[in-house]
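Participant: The following comprises the amino acid sequence and a computationally predicted model.
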Amino acid sequence: MSRIVYVNGEYLPEEEAKVSVFDRGFLFADGVYEVTSVLGGKLIDFDGHFRRLQRSLSELDMQAPEVLGELLEIHRELVARNEIGDGLIYLQITRGAPGDRDFAFPPEGTAPTVVLFTQSKPGLADSPQARAGVRVISIEDIRWGRRDIKTVQLLYPSMGKMMAKKAGADDAWMIEDGFVTEGTSNNAYIVRGGRIITRNLGTEILHGITRAAVLRFAREAQMTVEERPFTIDEAREADEAFFTSASAFVMPVVEIDGAVLGNGTPGPVATRLREIYLDESRKTAV
Ligand code: PMP
């Protein structure tokens, strides 16, 4: 059965969904996106993703689509039409298709392109990777300077994942001036002496929606959180490490650049935070 996707106001079978060759998302990576997870047919942290989407649009002076206020309804409609139990909803908005290729932004009033589709992932929260922990390598962070905007410029993160794969690892953490910025598609954390350390917010990293929730839950559970840059050397010597994202939730890291952390299995802080995050966010899912 083919998926039903949403394109510019229409729900269509995926084979019939089309976007113009002049779309600025295609030609200039002039677009923003969000990924919201679905557990038990409900959306996790929709409000957070919606607010970040609005911020990304405004930071890029991109016109908000007319359907902005209907996005929750569209997400829910796609979940229903595609019978998603566990999975993801991908949303992308671009600066539209002005009808020619021109670096200058298109004339005011050019309609943004809006695309949403589902990815079914049965058992998303019960991943074998989370039970075993994952291995990461470090790579240089050569991305542009506005990583706080969630744009579709994902070539380097894609290359980073391929570098990790080639090295026999699962993912990569990026390093700038010796300090870890973030993972290719996640926020990075280490644990030392029971303290959770993660890079402070700025333009150097994406302001993860999962990060915000996890740090709130950690503080509510009386855990100590330090928001500051940490070096890759400090990470390799940490007691534990983990990363967060909407699709991986809280993912324990058991090896960094070949250095085994602790006893090589998911640590107690990461394990507990994963449980709390999943429990709490299911409660507030919409
Ligand atoms: N950093 C980067 C570079 C990402 O691509 C992502 C996932 N989109 C994250 C962090 C995590 O953000 P979130 O928790 O909102 O999924």
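Facilitator: Received the coordinates, thanks.
Participant: by contact count, what packs against the longest helix belonging to the chain?
Facilitator: If each helix of the chain is counted by residues according to DSSP state H, the longest one is helix 268-283. Contact partners of helix 268-283 among helices and strands, from 3 or more CB pairs under 8 Å, 6 or more residues apart in numbering; DSSP states H and E: strand 31-39, helix 209-220, strand 240-245, strand 249-256. C-beta: built from backbone N, CA, C; applies to glycine.
Participant: Show me the contact partners of it.
Facilitator: Residues from elsewhere that reach helix 268-283 (CB atoms under 8 Å, 6 or more residues apart in numbering): 39-40, 42, 44-45, 125, 130, 191, 194, 196, 210, 213-214, 217-218, 221, 223, 240-242, 244, 249-253.
Participant: Which residues of the chain lie near the ligand?
Facilitator: For the chain, the contact set with the ligand under CB under 6 Å from any ligand atom comprises 35, 182, 185-187, 206, 208-211, 244-246.
Participant: between the helices and strands packed on helix 268-283, which gets nearest to residue 51?
Facilitator: helix 209-220 (8.6 Å; CB to CB).
Participant: residues touching residue 117, list them.
Facilitator: For residue 117, the contacting residues are 3, 5-6, 14, 78, 89-90, by CB under 8 Å, 6+ apart.
Participant: now swap in residue 97 and tell me
Facilitator: Residue 97 sits next to 19-20, 22-24, 110, 113 when contact means CB under 8 Å, 6+ apart.
Participant: Buried ones among the residues you listed?
Facilitator: Neighbour-count burial (16 or more other CB atoms under 10 Å) applied to those gives 19, 23-24, 113.
Participant: can you redo these as TSV with distance to residue 159?
Facilitator: What follows is the buried ones among the contacts of residue 97, written out as TSV (distance: CB to CB, whole Å):
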residue	distance to residue 159
19	24
23	23
24	23
113	25
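Participant: and the two most separated of the residues you listed?
Facilitator: In the buried ones among the contacts of residue 97, two members sit farther apart than any others by CB to CB. They are 19 and 24, at 10.4 Å.
Participant: I'd say residue 240 and residue 250 touch.
Facilitator: No. When contacts are counted by CB atoms under 8 Å, residue 240 is not listed as touching residue 250 (11.3 Å).
Participant: Right, I'll call it a day here.
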